[in-house]
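Visitor: this one's sequence-less:
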């Protein structure tokens with residue numbers, strides 16, 4: 001992380017993939033993952049964790065990058081005909097582009113489900129929610145990034161929901177009104193603001209579910225609270 005960028009022109013955000021195998025991987029691998037996150041915070045960097053169903057690693061089914069791009073170039077050369085035919089074939093080529101660029105090992109075509117997963121962020125999303133957990137006032141980046149995402153055409157049908165914590169034991173409705181006023185001041189579009197009461201204890205079923213999820217890690221009470 002220290003070697004990236006030049007001088008003051010260096011990234012201040014690190015994006016990690018969600019560790020899907022956290023419950024089955026060796027303890028050392030899990031500790032290494034957390035150390036990366038801790039190191040990023042120590043360097044005053046923002047940390048984002050991207051979690052997608054099935055992950056984003058398709059290296060086991062795709063051609064190696066070099067062969068992949070060589071094949072893409074060959075396809076483009078075949079499609080380069082005279083100027084009159086280019087315009088007619090442009091729309092046809094765009095429809096087949098994903099299938100031409102992404103090829104399975106051995107040169108075969110990839111299943112549609114795999115291509116859909118690879119290009120999921122290029123497709124227009126159906127109506128849904130972008131949930132934002134604004135736990136601390138860290139300058140507003142936690143709100144700004146989802147707002148920018150919601151302005152993209154792919155997420156035009158998605159609305160933002162804000163989850164925040166109550167700062168005191170006072171009226172939760174007052175906390176909600178304050179947050180709504182702040183968001184409107186900065187012209188952030190949202191569908192709902194939900195204030196979480198941190199004074200309430202977690203449900204017994206929630207505590208039991210959490211304890212079951214970490215039971216195999218063999219953590220001491222000191223490590224758990226660290």
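Guide: Structure received. Small disclaimer: the values here were computed from a predicted structure and weren't measured.

Visitor: please count neighbours and contacts with C-alpha atoms only from this point.
Guide: Noted.

Visitor: ok, for residue 165, nearest residue in space, not its chain neighbours?
Guide: Taking C-alpha to C-alpha, 6 or more residues apart in numbering, and ignoring the residues beside it in sequence, residue 165 has residue 196 as its nearest neighbour in space, at 4.9 Å.

Visitor: do residue 49 as well
Guide: In space, and not counting its chain neighbours, residue 49 is closest to residue 16: 4.8 Å by C-alpha to C-alpha, 6+ apart.

Visitor: got the contact list for residue 18?
Guide: Contact partners of residue 18, counting by C-alpha atoms under 8 Å, 6 or more residues apart in numbering, are 49-52, 55.

Visitor: pick the one among the residues you listed closest to residue 171.
Guide: Of all the contacts of residue 18, residue 49 has the smallest distance to residue 171: 32.8 Å, by C-alpha to C-alpha.

Visitor: what secondary structure does the closest one sit in?
Guide: Under DSSP: H, G, I helix; E, B strand; the rest coil, the three-state class of residue 49 is strand.

Visitor: who's in contact with the residue nearest the centre of the chain?
Guide: For the chain, the residue sitting closest to the mean C-alpha position, by C-alpha atoms, centre = their mean, is residue 50 at 2.9 Å. Residues in contact with residue 50 (C-alpha under 8 Å, 6+ apart) are 15-18.

Visitor: mind redoing it with 6 Å?
Guide: Residues counted as contacts of residue 50 (C-alpha atoms under 6 Å, 6 or more residues apart in numbering) are 17-18.

Visitor: list the beta-bridge partners for it.
Guide: Beta bridges link residue 50 to residue 17 when assigned by DSSP bridges.

Visitor: quick check: mean pLDDT of whichever helix or strand residue 143 is part of?
Guide: Using DSSP states H and E, residue 143 sits within helix 141-150. Confidence over helix 141-150, taken as the mean pLDDT, stands at 88.
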